[in-house]
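Participant: Need coordinates for the following:
(chains A and B)
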Amino acid sequence: MKKVLIFLFSLLVLKSVSAQDKFFTKAGKIVFDATTPKSPENIDGVNKTVTCVLDTKTGNIQFAVLMKAFEFERALMQEHFNENYVESNKFPKTDFKGAIANATSVNYGKEGVYPVKVKGKMTLHGITKDVEADGKLSVKGGKIQVQSNFQLTLSDFGIDIPQLVADKVAKTAKITVDCLLDPLK
Amino acid sequence: MFKRKIFRYLPLLLVLLLAAGYYAYHEFNRRSSDTADLKPAYELSAIELIAGFQADEKEANAKYLGKVLLINGTIKSLDKDQAGLYTLIMGDSTSMSSVRCSMASKNATDPASFTIGARLSVKGICTGYTADDMGLGSDVILNRCVVTKSPNK
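Facilitator: Numbers count the residues shown, from 1 in each chain, chains lettered A, B, ... in the order given. The predicted structure is shown next:
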């Protein structure tokens, strides 16, 4: 009887450990910034409904970003972003599937800030490319914060800046990622 | 002769230029409208909306993407992000799939006062669908949401 109880208890422990492997959010934040020194104003939009899943066991990390969820201060800018640049009606979602290259250097059991390099494939505007970015993982209070700043060359993804506004819209956008992940229960 | 014609049309030209200038200025500074003032393109239940996307994502995107939707349903849960903005999660409580309504502002009707399981109507802009390929259930996302009908407790 005792053995059965120990077996059942260890099963329970195992289950809870495996469930804690994955961390996620559906309310992550990504800022897209294509401002240049010659832009008459800031060209930036924020998306606050980003889905992100991190598997701490494998180091795999995945993002799903709905393009229509980017909000710009000016409605006209938001319309141009959706209609002329990312064509969000045709390509509503951007995906990233990758892994932490230096996964072994992160100790999820110990609170701290860990620099990471993420490599993977991003599909934006219907085009899939290899992307890598530096970032950091902050382990604190049972949660993991994923933060990164990287540059994205828009023409790599078939997004062309019209000649008329070529010096006012950056050809390389700054992307800022900030996602606070909760354990998946 | 030509000069006289120009003078005759000058006021009209000026009016046209001023109108074009005003239009350009107004367009440039235009902000997104308050969702409360927008007329919904479709009114349906949260469960119907999810089912629509699950049945045919492409067709549902063509129909709902970027449109103002009025969604009736039950509150499954509430999320609060780092900035203090609420997301109302609506749909069938026995299913992992939901309609996630990201509220327009912190000043919108305080979602914290809502009871889980209460029914209500929410208006928002449909920004798309995340299929269940990450093991998190599938979600239809609505942005800039406002509550149009308070919950029936």
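Participant: Tell me the secondary structure of the residue nearest the centre of chain A, please.
Facilitator: With the centre of chain A defined as its mean C-alpha position, the nearest residue by Cα atoms, centre = their mean is A:Phe63, 4.8 Å away. In terms of secondary structure, A:Phe63 is strand; the call rests on DSSP: H, G, I helix; E, B strand; the rest coil.
Participant: Any stretches of chain A with poor pLDDT?
Facilitator: A:1-19 (pLDDT under 70).
Participant: show me the contacts for the spatially most central residue of chain B.
Facilitator: The residue at the geometric middle of chain B, judged as the C-alpha nearest the mean C-alpha position with Cα atoms, centre = their mean, is B:Ile125 (1.7 Å). Contacts of B:Ile125 were listed using Cβ atoms under 8 Å, 6 or more residues apart in numbering or on different chains, and they are A:68, B:35, B:66-69, B:142-144. The way it works is simple: take the backbone N, C-alpha and C, and place the C-beta from them, glycine included.
Participant: Tell me which of those fall in strands.
Facilitator: For the contacts of B:Ile125, membership in strands holds for B:68-69, B:142-144, with DSSP state E as the criterion.
Participant: Take those residues and write them to CSV, including pLDDT, neighbour count and distance to chain A.
Facilitator: As requested, the ones in strands among the contacts of B:Ile125 are arranged in CSV below (pLDDT from 0 to 100; neighbours: other Cβ atoms under 10 Å in any protein chain shown; distance: Cβ to the nearest Cβ, whole Å):
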residue, pLDDT, neighbour count, distance to chain A
B:Val68, 96, 19, 13
B:Leu69, 97, 22, 13
B:Leu142, 96, 30, 9
B:Asn143, 94, 24, 6
B:Arg144, 93, 23, 8
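Participant: quick one: which of those residues is nearest to A:Leu180?
Facilitator: When the ones in strands among the contacts of B:Ile125 are ranked by distance to A:Leu180 (Cβ to Cβ), B:Asn143 comes first, at 19.2 Å.
Participant: ok, the closest one - contacts?
Facilitator: Contacts here follow Cβ under 8 Å, 6+ apart; on that basis B:Asn143 touches A:49, A:68-69, A:71, B:102, B:124-125, B:127.
Participant: So which of those belong to strands?
Facilitator: Per DSSP E, these map to strands at A:49, A:71, B:102, B:124-125, B:127.
Participant: Quick one: name whatever helix or strand follows the biggest helix by length in chain B.
Facilitator: Secondary structure of chain B per DSSP state H: the longest helix is helix B:2-29. Beyond helix B:2-29 in the direction of the C-terminus, DSSP states H and E gives the next helix or strand as strand B:42-45.
Participant: what sits up against the next helix or strand after that next one?
Facilitator: The C-terminal neighbour of strand B:42-45 among helices and strands, as given by DSSP H and E, is helix B:46-55. Residues external to helix B:46-55 that are found in contact with it (Cβ under 8 Å, 6+ apart): B:44, B:59-61, B:63-64, B:69, B:71-74, B:90-92, B:95, B:97-99, B:129, B:138, B:140.
Participant: Just the buried ones from the residues you listed, in ChimeraX syntax?
Facilitator: Here is the ChimeraX command that selects only those of the contacts of helix B:46-55 that count as buried (16 or more other Cβ atoms under 10 Å in any protein chain shown):
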select /B:44,60,61,64,69,71,72,73,74,90,91,92,97,98,99,129,138,140
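Participant: rewinding a little: what is the mean pLDDT for the longest helix of chain B?
Facilitator: Here helix B:2-29 scores 83 as its mean pLDDT.
Participant: Surely A:Asp182 forms part of a strand?
Facilitator: Yes: according to three-state DSSP, the state of A:Asp182 is that of a strand.
Participant: how close does it sit to A:Ile100?
Facilitator: Relative to A:Ile100, A:Asp182 is positioned 18 Å away (criterion: Cβ to Cβ, to the nearest Å).
Participant: Please say which of those two ends up with more neighbours.
Facilitator: More neighbours surround A:Ile100 than the other of A:Asp182 and A:Ile100, with 24 against 15 (other Cβ atoms under 10 Å in any protein chain shown).
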